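# Mind looking at a prediction? Sequence and model below.
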Amino acid sequence: MALDWTAVIPVKRLTAAKSRLRGAVPAHRHADLALAMVRDTATAVLGGDAVGELIVVTDDPVVREAMAGLGARVVPDRPGADLNGAMRYGADEVAGLSRHRVVLAGDLPALRPSQLDDALVFAAERRSFVADAAGTGTVLLAVPPGQELDPRFGIGSAGAHERSGARPLTGDWPGLRQDVDTPADLAAVVAMGAGRHTCELLRDLGLTPDCVPAA
């Protein structure tokens, strides 16, 4: 039986998002690319069986409207501090400790719902994380009821999460692991099948006319 997880995605204001990705698309469409990836991530999260609610923590009005349109619960970034603060707020305060909670990066446009569902089966009983494709960062951190999230996102976060007692999950989930920080990362998700919103934007710009949305 699927567990009723609450997922949390923090999203920066689009004008400040994904600075290392600048240049992958024309400058005036950079915010559109960041939004497209968040929309594809949220669509995948809500498209599986495990997640019953998605909370998006953001102060960006465009993101707020787009995420509400997908069925997410959108809350302001009241800590107004950093990524870890936004994740703690969404998972521990807004969702509450009585739920299974999972926080995810918002730049996973090749995520498949089945991959997230599978990862959450393994995360049900213990605080766990999924490292990114490079093996050094973190794309997912999950906690069972009664535990605080205690996020350690940032440079070298995979090692930091493991040292904090979180269990690394090692499943074969390429779309879950491939976040997008650089133009090379964007090419990688296009090759494996990016989501509809990301593909449509890239095709509209004439950059990847053969982009096929993830199934």
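Cool, the structure landed.
# Following element in sequence after the longest helix anywhere in the chain, please.
Looking across the chain with DSSP state H, the single longest helix is helix 30-47. Later in the chain than helix 30-47, the nearest helix or strand by DSSP states H and E is strand 51-58.
# which other helices and strands contact that following strand?
Identification of packing neighbours for strand 51-58 by 3 or more CB pairs under 8 Å, 6 or more residues apart in numbering; DSSP states H and E yields strand 5-11, helix 30-47, helix 61-70, strand 73-75. Placement of C-beta: from N, CA and C, glycine included.
# In terms of secondary structure, what does the second one contact?
This means helix 30-47. strand 5-11, strand 51-58, helix 61-70, helix 113-122, helix 196-204.
# Looking at the ones you listed, which one is packed in the most?
strand 5-11 (a mean of 26; mean count of other CB atoms under 10 Å).
# relative to helix 113-122, how tilted is that one?
Here strand 5-11 points in a direction 120 degrees away from that of helix 113-122 (axes from the mean of the first three to the mean of the last three CA atoms, to 10 degrees).
# Give me the helices and strands touching strand 5-11, please.
Counting contacts by 3+ CB pairs under 8 Å, 6+ apart, strand 5-11 packs against helix 30-47, strand 51-58, helix 83-88, strand 101-104.
# How far does the longest one sit from its chain's centre?
What it means is helix 30-47. 9 Å (CA atoms, centre = their mean, to the nearest Å).
# Could I get the buried residue list for it?
By neighbour count with 16 or more other CB atoms under 10 Å, helix 30-47 contains the buried residues 30-46.
# Report the buried residues of stretch 175-194.
Buried positions in stretch 175-194, judged by neighbour count with 16+ other CB under 10 Å: 175-181, 185-186, 188-190, 193-194.
# Please identify which pair of those lies farthest apart.
The two members of those with the most space between them (CB to CB) are Asp181 and Gly193, at 18.8 Å.
# who touches Ala7 in this structure?
Taking CB atoms under 8 Å, 6 or more residues apart in numbering as the criterion, Ala7 is in contact with 45, 51, 53-55, 101-104.
# What of Gly175?
44, 108, 110-112, 115, 189, 192-193, 214.
# What score does it have for pLDDT?
At Gly175, the predicted lDDT confidence score is 97.
# Relative to Ile55, how far out is it?
Separation of Gly175 from Ile55 (CB to CB, to the nearest Å) stands at 21 Å.
# Next: Ala34.
For Ala34 relative to Ile55 (CB to CB), the value is 19 Å.
# and what of Gly195?
In terms of CB to CB, Gly195 sits 20 Å off from Ile55.
# Identify whichever of the helices and strands packed on helix 30-47 lies nearest to Arg78.
Here strand 51-58 is closest among the helices and strands packed on helix 30-47 (CB to CB), at 8.4 Å.
# May I have the phi/psi pair for Pro174?
Per-residue torsions, Pro174: phi -60, psi -40 (degrees, to the nearest 10).
# I figured it was touching Val189, is that so?
No - with contact defined as CB atoms under 8 Å, Pro174 does not count as touching Val189 (9.3 Å).
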